[in-house]
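>>> next one to model:
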Amino acid sequence: MRRLVVLLALVFASCGGSKTVDSSADWIHVLSRKKAAVAPNATPRQKQIYADSLAAFLSRYPSHPRAREVYRRVQLDFASELAALGRHQDAIRFYRAVLTDDPRNQEALNGLTTALDRLTVSRQKLLALEKGMSQREVTRILGKPIPGWTARTRRPDCTIEAWYYRTTERGVAGVYFRDGTLFAAEENSHSKLVPLTQPAAAR
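Numbers count the residues shown, from 1 in each chain. Have a look, this model is predicted:
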């Protein structure tokens, strides 16, 4: 009888073990992509390969706690990089993806609030612009315009580029560059901000 109990115990143990999914080999494969992705000279492609491998792993093992935590970190880092480049709409998608999984994530909440604020511009932000600013300097203040909200006109002597933004007053503001240098801005189609402030060195 005792021998039968031992045999039954072994049978149940083996059955229970067969239901356990061993993800260790796949997880090691994911981690093998991490070294290149977190290196100081990592390329966007290497970072994307690592992120894709994490996403694929989670699709197979959705309850793996460490993978979920690491993937959230990767998403937050991507969102931060995109926001720094002025790509606030793309950053918002990543922040919202994190919040879907972790609604109380404070870093994602703060990042989302900032990115949403950058999608609209206030008069104060427009007044902070200075003639002669580069497109990069304008991006630091206003962010990049929404895709499709730009226009470029080539003239014989120069190239004029216009960037448009939604304003906090539900209007549309425009900033204008001549050969990549800021020369004018409009709060709306009827009210031009005249003049733009001059750079400190020119005052």
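>>> nearest residue to residue 71 in space, please, no chain neighbours.
Counting by C-beta to C-beta, 6 or more residues apart in numbering, residue 54 is the residue found nearest to residue 71 once chain neighbours are left out, at 4.6 Å. C-beta coordinates here come from the backbone N, C-alpha and C atoms, glycine included.
>>> element containing that neighbour?
Here residue 54 sits within helix 44-60, counting by DSSP states H and E.
>>> put the alpha carbons of the very next helix or strand once past that helix into PDB.
Using DSSP H and E, the helix or strand that directly follows helix 44-60 along the chain is helix 65-84. Written as PDB, here are the backbone C-alpha positions of helix 65-84 (Å, rounded to 0.1, in the frame of the first residue of the first chain):
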ATOM      1  CA  PRO A  65       7.100  39.200 -14.200                       C
ATOM      2  CA  ARG A  66      10.700  40.100 -14.900                       C
ATOM      3  CA  ALA A  67      10.100  40.400 -18.600                       C
ATOM      4  CA  ARG A  68       7.200  42.700 -18.100                       C
ATOM      5  CA  GLU A  69       9.200  44.900 -15.800                       C
ATOM      6  CA  VAL A  70      12.100  45.100 -18.300                       C
ATOM      7  CA  TYR A  71       9.800  45.700 -21.200                       C
ATOM      8  CA  ARG A  72       8.200  48.600 -19.400                       C
ATOM      9  CA  ARG A  73      11.700  50.100 -18.800                       C
ATOM     10  CA  VAL A  74      12.500  49.800 -22.500                       C
ATOM     11  CA  GLN A  75       9.200  51.500 -23.400                       C
ATOM     12  CA  LEU A  76       9.800  54.300 -21.000                       C
ATOM     13  CA  ASP A  77      13.400  54.800 -22.400                       C
ATOM     14  CA  PHE A  78      12.100  54.900 -25.900                       C
ATOM     15  CA  ALA A  79       9.400  57.400 -25.000                       C
ATOM     16  CA  SER A  80      11.900  59.600 -23.300                       C
ATOM     17  CA  GLU A  81      14.200  59.600 -26.300                       C
ATOM     18  CA  LEU A  82      11.300  60.300 -28.700                       C
ATOM     19  CA  ALA A  83      10.100  63.200 -26.500                       C
ATOM     20  CA  ALA A  84      13.700  64.600 -26.500                       C
END
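>>> tell me the contacts of residue 142?
Applying C-beta atoms under 8 Å, 6 or more residues apart in numbering to residue 142 gives the contacts 86, 118, 121, 125, 126, 129, 163, 165, 175.
>>> just to revisit the earlier point, count of neighbours near the residue nearest to residue 71?
24 (other C-beta atoms under 10 Å).
>>> what's the distance between it and residue 73?
In this view, residue 54 and residue 73 are 10 Å apart by C-beta to C-beta, to the nearest Å.
>>> tilt between the helix holding residue 54 and helix 65-84?
Here helix 44-60 runs at an angle of 140 degrees relative to helix 65-84 (axes from the mean of the first three to the mean of the last three C-alpha atoms, to 10 degrees).
>>> what lies in contact with helix 44-60?
Contacts for helix 44-60 (C-beta under 8 Å, 6+ apart): 23, 26-27, 29-30, 33-34, 36-37, 39, 64, 67-68, 70-71, 74-75, 78.
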